[in-house]
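*Asks:* sharing a model that was predicted from the sequence below.
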Amino acid sequence: MNPDEYRDWAHRAADWGADYRASLRERRVRPLVAPGDISRRLPASPPEQPESMETVFRDFEDILVPGMTHWQHPRFFAYFPANAAPVSVVAESFVTAMAAQCMLWQTSPAATELETVVLDWLRQALGLPGTFTGVIQDTASSATLAAVLVMRERALGWGGNRDGLARHPAVRVYASDQVHTSIDRAIWVSGIGQENLVRIPTTGPARAMDVDVFAARVKEDREAGLLPAGVIPCVGGTSVGATDDIAAVCAVAAREGLYSHVDAAWAGSAMICPEFRDAWAGVELADSVVLNPHKWLGAQFDCSTHYVRDPEALVRTLAIQPEYLKTHGKRDFINYSEWHVPLGRRFRALKLWFLLRVHGLEGLRTMIRQHVSWSARLCEVLRNSTDFEIVTEPMLSLFSFRHRPRGVPDIDSHNIALVNAINDDGRIYLTQTRVDGRSAIRFQVGAFDATEADVITAGEVIRDVASRMLAPAVAAS
Ligand SMILES: *Cc1c(COP(=O)(O)O)cnc(C)c1O
C-alpha cells in the first residue's frame, strides 16, 4: 500500500466508522447466525497472490459485519458494556498510527509520563486517596493475576518465583461465592490451586461476604499450618452486582496481615459520582483496586486501571531486567512493563486523556447518573407488570427479573426460552444468570449512546416477546 492509498483508505475507514455508529439503531443487536455460518463463507487457505483492498473490504462488509454482535449498539443491555466513546475511537486511531511499544520509559517517554498523569487524574476523580498509584493493564483479569502473584510472593517471603511452590505450605486466598471467574483463573495460573481459593458464603441483599466467617476461616487455616495470603472482595459482581463490605473485609485483612485486592471492574467507573461511593466505602484501606474504564466509562477496550498502595510490591514480584531492557544514565522514571505480566504494551493512556478532557468529568457523571435512573425506572415498570417479578434490586444500573406466568410449569426453562426469544427478536440484547439456583434475566443500562427512549423500548420488547410466547400456550389450553 503506497502512502496515497493509505491516506485514501484511512479516510474511508473513518467514514465507515462514523456511518456505522449512526446506523446502529437500524441493526439487530445480535446477529441471527449459527456456529459455522461465517467460517463456511471464508476460503480455507490463504491467497498466494495479492488481492485488492476493494475485494477484501467488500468481504468485510458482506460476510463479517452482518455476523457481528454490536457492542456499541444503544440497546445493548447484556453482560456489562464495553463502551468505546467516539472520542476514544479517534484517540485510538492516533495510537494505531504511531504503533509504539510503551514497555519502558525510554521506548515511549510521553506515553509513560502521560499514563502517570492521567491515572492520577482518574484517581482524583474516583475519590481515591493520594496513597494510590495507578498503572493501565490490558484487562481486569491481568490486574487480578498480578495482585494474586503479589499475594503469593509476599506470603512466601518473596521466594515463590525463585524456589517454586513445592517447598512451601499452601497459600490461601479468600473470596466470596459471587466473584468473577478471573479470580479462579488467577489462582490456577499462579499455581496456588483451586483448593486454596477459600469461598466465603454471602449474606443479605448486597450478597456480601460474611466477614465473621472470613475471619474464622483465616484463623482455622493458620492453626492448620496453611498460609493465609490475601483476600479479593468485589464491588458490583458480574451476575447481580454483589458487593462486599470493603471496610470490614479490609479491616480483617489488615489485622491478619493479608493483602487485599478489590475487584470493581464494572462498578468502579461509577465512583466518579460521589453519591455512589458508599458502595466501596473503605476502599482506601485496600492494597490494590482494579476498575475497567473500558467498560462503563467509554475508554475503548482495552483499558483496565489498577491502583496500588505499594507499586514496589508489583515490581518485586514481576520485574526482570536483562541487559537489553536496561536504561543506563537516567533516573526517576517508571518502566510500566515491570508492573504487569506482558512486556509489550500499547499507548492506552491517550484515549483516557482524550475522553476525560473532551467529556469532562461532569459529562461522564451525567451519562452514568442517567443510566442508573433509567434502569431504576424500568425496574419499577417490570415490578408493576403482570407476571413479572424483580429477583435482585438495582445495584447501580443492574437488576434482574423473572417472568412468572401462571400455568407455566417450568419457570426456569421458560425464562431461558424468553431470553433467547428476546435476543432473536433483535431489537435489544440481554443475558441470563442464576440467582440462588434459579434462572433470572439480567438487565443493565450502560451503552454510551443509550437514550431513555431505548430503555423504554427495552421494556416494551420484553413484555411484547413474553406475551407472544404465552399466546400459543393460552390458545392450546
Ligand atoms: C468484566 C469483569 C471482570 C473481567 O474483566 P476483564 O477486563 O475482561 O478481564 C472481572 N470482574 C468483574 C466484576 C467484571 O465485571
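*Replies:* Right, received. Where do you want to start?

*Asks:* residue contacts, the closest residue to Thr133 other than its chain neighbours?
*Replies:* Leaving aside its sequence neighbours, Thr133 sits nearest to Pro311 (Cβ to Cβ, 6 or more residues apart in numbering; 5.1 Å). The C-beta positions use only the backbone N, C-alpha and C, and glycine is treated the same way. Going by Cβ atoms under 8 Å, 6 or more residues apart in numbering, Pro311 touches 133, 135, 339.

*Asks:* how close does Pro311 get to Pro43?
*Replies:* 48 Å (Cβ to Cβ, to the nearest Å).

*Asks:* so does stretch 435-454 get close to the ligand?
*Replies:* No: on the criterion Cβ under 6 Å from any ligand atom, stretch 435-454 is out of touch with the ligand, staying 10.3 Å away.

*Asks:* for that stretch, which positions count as buried?
*Replies:* For stretch 435-454, a neighbour-count test (16 or more other Cβ atoms under 10 Å) marks 439-450, 454 as buried.

*Asks:* residue boundaries of the helices in the stretch 201-350 of the chain?
*Replies:* Secondary structure of the stretch 201-350 of the chain by DSSP state H, counting those that start in this stretch: the helices cover 211-223, 246-256, 311-318, 349-383.

*Asks:* and the ligand, which of these is closest to it?
*Replies:* With Cβ to the nearest ligand atom as the measure, helix 246-256 is the member of the helices of the stretch 201-350 of the chain nearest the ligand (13.7 Å).

*Asks:* count the residues that sit near Ser397.
*Replies:* 31 (other Cβ atoms under 10 Å).

*Asks:* pull up the residues of the stretch 151-300 of the chain that are close to the ligand.
*Replies:* So the stretch 151-300 of the chain meets the ligand at 180, 182, 234, 237-238, 263, 265-266, 292 (Cβ under 6 Å from any ligand atom).

*Asks:* ok, the stretch 1-150 of the chain next?
*Replies:* Close to the ligand, as judged by Cβ under 6 Å from any ligand atom, the stretch 1-150 of the chain has residues 80, 139-141.

*Asks:* where does the stretch 201-350 of the chain dip in pLDDT?
*Replies:* 324-325 (pLDDT under 70).

*Asks:* quick check: closest non-adjacent residue to the closest residue to the ligand within it.
*Replies:* As assessed by Cβ to the nearest ligand atom, the ligand sits closest to Ala265 within the stretch 201-350 of the chain, at 3.4 Å. In space, and not counting its chain neighbours, Ala265 is closest to Ala140: 4.0 Å by Cβ to Cβ, 6+ apart.

*Asks:* and if you look at Ser190?
*Replies:* Computed as Cβ to Cβ, 6+ apart, the closest residue to Ser190 that is not its neighbour in sequence is Val148, at 4.9 Å.

*Asks:* doesn't the one you found fall inside a helix?
*Replies:* Yes: counting by DSSP: H, G, I helix; E, B strand; the rest coil, Val148 is located in a helix.

*Asks:* isn't it up against Ala175?
*Replies:* No: look at Val148 against Ala175 with Cβ atoms under 8 Å: they stay out of range, at 10.3 Å.

*Asks:* mind listing what's buried in stretch 187-199?
*Replies:* In stretch 187-199, counting by 16+ other Cβ under 10 Å, buried: 187, 190, 192, 196-198.

*Asks:* tell me which of those residues is nearest to the ligand?
*Replies:* Nearest member of the buried residues of stretch 187-199 to the ligand, counting by Cβ to the nearest ligand atom, is Ile187, at 13.7 Å.

*Asks:* tell me the pLDDT of that closest one.
*Replies:* With respect to pLDDT, Ile187 scores 97.

*Asks:* which SSE is it in?
*Replies:* For Ile187, the host element (DSSP states H and E) is helix 181-189.

*Asks:* and that helix, C-alpha only, in CSV?
*Replies:* In CSV, the C-alpha atoms belonging to helix 181-189 read as follows (Å, rounded to 0.1, in the frame of the first residue of the first chain):
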residue,chain,number,x,y,z
THR,A,181,-14.1,-16.3,37.2
SER,A,182,-11.0,-14.2,36.6
ILE,A,183,-10.2,-14.8,40.3
ASP,A,184,-10.4,-18.6,39.8
ARG,A,185,-8.1,-18.3,36.8
ALA,A,186,-5.6,-16.1,38.6
ILE,A,187,-5.5,-18.8,41.4
TRP,A,188,-4.9,-21.5,38.8
VAL,A,189,-2.3,-19.6,36.8
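
*Asks:* what residues does it touch?
*Replies:* For helix 181-189, using Cβ under 8 Å, 6+ apart, the contacting residues are 139-141, 144-145, 147-149, 173, 175, 193-194, 196-197, 232, 263.

*Asks:* mind redoing it with 6 Å?
*Replies:* 141, 144-145, 148, 175, 197, 232 (Cβ atoms under 6 Å, 6 or more residues apart in numbering).

*Asks:* quick one: which of those sit in helices?
*Replies:* 141, 144-145, 148 (DSSP state H).

*Asks:* tell me the one of those residues nearest Gly159?
*Replies:* The closest of the ones in helices among the contacts of helix 181-189 to Gly159 turns out to be Val148 (Cβ to Cβ; 16.1 Å).

*Asks:* tally of neighbours for that closest one?
*Replies:* The burial count for Val148: 30, using other Cβ under 10 Å.

*Asks:* next: Val87.
*Replies:* 18.

*Asks:* what mean pLDDT does the helix or strand that contains it get?
*Replies:* Under the criterion of DSSP H and E, Val87 resides in helix 86-98. On average, the pLDDT along helix 86-98 is 97.

*Asks:* following element in sequence after that helix, please.
*Replies:* helix 109-126.

*Asks:* any buried residues in that next one, and which?
*Replies:* Using 16+ other Cβ under 10 Å as the burial criterion, the residues of helix 109-126 that qualify are 111-112, 114-116, 118-119, 122-123, 125-126.

*Asks:* which residues touch Ser439?
*Replies:* Per Cβ under 6 Å, 6+ apart, neighbours of Ser439: 412, 415-416, 432.

*Asks:* for ChimeraX, write the select line for the buried members of those residues.
*Replies:* Remark: buried members of the contacts of Ser439, expressed as a ChimeraX selection using 16+ other Cβ under 10 Å:
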select :415,432
